[in-house]
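S.K.: Pasting the sequence and the predicted model now:
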Amino acid sequence: MRRWAWTTTPEMEWLDDAIVLGARPFGESKAIAEVFARSHGRYGGVVHGGMGKTMRPILQAGNLVRVGWKARLSEQLGFYSPLDLLEPHAGKLFDDPIALAGLSSAIELTRAATAERQSYPGLYDALLVLIAALPNSDMWAPLYARFEIGLLAEMGYGLDLERCALTGVGEDLAFVSPRSGRAASAEAGAPYAEKLLRLPPFLVRNDASIESGDVADALALAGYFLERRVFDARGENLPEIRRRLIERLGFAGRL
């Protein structure tokens, strides 16, 4: 899929591909929508007729749109024109409550963690890959866990999973220090295993098989650092929808 962006006056007008994060009513027929644009980040704006039959389906969270944002002054809320649907991702998940929870959790984490009007092209691409995978495979849960690890990196809190912090070796990595976020090999970390977080192999090697419990451990690892490095600093908790997603995955035997 081709992605592009065009900007005339960056502060007051731009056109970009974006992922809808959500919308709420504004007056009788308008809506205020929030999007996550590839080259411009998270923006809010008014959608004229946003509560009507034509626009409401387009403003479902997770949909891919081509959107123009305009304002007289850069600090204003602004409005969207045009706002055209490119891919109706949200509609593909209505019959899959687990995948819909995965979408909602990823969207809410993106909204809560990112700074407004700051671009995160890497995070945008990762989110789009995840959203596209949700209706097509029962194996998206490991991809979701990778998305959360990537989100940490985009926020400036990436984990060091390249080599063992104690020995420098890059093989047989099995643990992560909860203090430093650095990996440890199985041998070097064994004496401290009770104090370390388990590192599932699939987070280190793309060709690693995924065993029972690996997704749970990956989500526990990501959640630990998201909570302490991103959300605690803001006096916030991890989104409730994330906990519900993990519960649904557990009940379905997909952790």
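M.R.: That came in fine, so what should we check first? Numbers count the residues shown, from 1 in each chain.

S.K.: and residue 253, how many neighbours does it have?
M.R.: Using other C-beta atoms under 10 Å, residue 253 has 7 neighbouring residues. Placement of C-beta: from N, CA and C, glycine included.

S.K.: Repeat that for residue 84.
M.R.: There are 10 residues near residue 84, going by other C-beta under 10 Å.

S.K.: which other residues reach the helix or strand hosting it?
M.R.: Using DSSP states H and E, residue 84 maps to strand 79-87. By C-beta atoms under 8 Å, 6 or more residues apart in numbering, the list of residues contacting strand 79-87 from outside reads 1, 17, 33, 35, 45-48, 55, 57-58, 63-71, 132.

S.K.: Tell me how this protein divides into domains.
M.R.: 5-88, 93-161+199-251 (automatic domain parsing).

S.K.: how about those in CSV, adding mean pLDDT and distance to residue 172?
M.R.: As requested, these are exported to CSV (pLDDT from 0 to 100; distance: least, C-beta to C-beta, whole Å):
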stretch, mean pLDDT, distance to residue 172
domain 5-88, 90, 37
domain 93-161+199-251, 95, 9
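
S.K.: So which bits of the strand holding residue 84 are buried?
M.R.: 79-80, 83, 85-87 (16 or more other C-beta atoms under 10 Å).

S.K.: on that earlier part again, can you flag which of the contacts of strand 79-87 belong to strands?
M.R.: Taking DSSP state E, the ones among the contacts of strand 79-87 that sit in strands are 17, 33, 35, 45-47, 64-70.

S.K.: from the residues you listed, which is closest to residue 230?
M.R.: Closest approach to residue 230 among the ones in strands among the contacts of strand 79-87 (C-beta to C-beta): residue 35, at 21.2 Å.

S.K.: mind checking how far the closest one is from residue 254?
M.R.: 30 Å (C-beta to C-beta, to the nearest Å).

S.K.: These two - which one has more neighbours?
M.R.: Higher neighbour count among residue 35 and residue 254: residue 35, with 27 against 16, using other C-beta under 10 Å.

S.K.: ok, what's across the strand from the more buried one?
M.R.: residue 20, residue 43 (DSSP bridges).

S.K.: residue contacts, it?
M.R.: 18-21, 42-43, 45, 65, 67, 80.

S.K.: can you pull out the strands in the chain?
M.R.: Along the chain, counting by DSSP E, strands occupy 5-9, 13-26, 30-37, 41-47, 64-70, 79-87, 173-176, 183-185, 197-198.

S.K.: Now do the buried residues in the longest one.
M.R.: Okay, so that is strand 13-26. Across strand 13-26, burial judged by 16+ other C-beta under 10 Å covers 13-23, 26.

S.K.: Now render those as CSV, adding distance to residue 200.
M.R.: What follows is those, written out as CSV (distance: C-beta to C-beta, whole Å):
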residue, distance to residue 200
13, 45
14, 39
15, 40
16, 35
17, 32
18, 32
19, 27
20, 31
21, 29
22, 31
23, 36
26, 44
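
S.K.: remind me, longest helix of the chain?
M.R.: helix 97-113 (DSSP state H).

S.K.: next one: it to chain centre, how far?
M.R.: 7 Å (C-alpha atoms, centre = their mean, to the nearest Å).

S.K.: Equivalent analysis for stretch 55-63, please.
M.R.: On C-alpha atoms, centre = their mean, the centre of stretch 55-63 falls 18 Å from the chain's centre.

S.K.: How about stretch 45-65?
M.R.: For stretch 45-65 - counting by C-alpha atoms, centre = their mean - the centre lies 21 Å from the chain centre.
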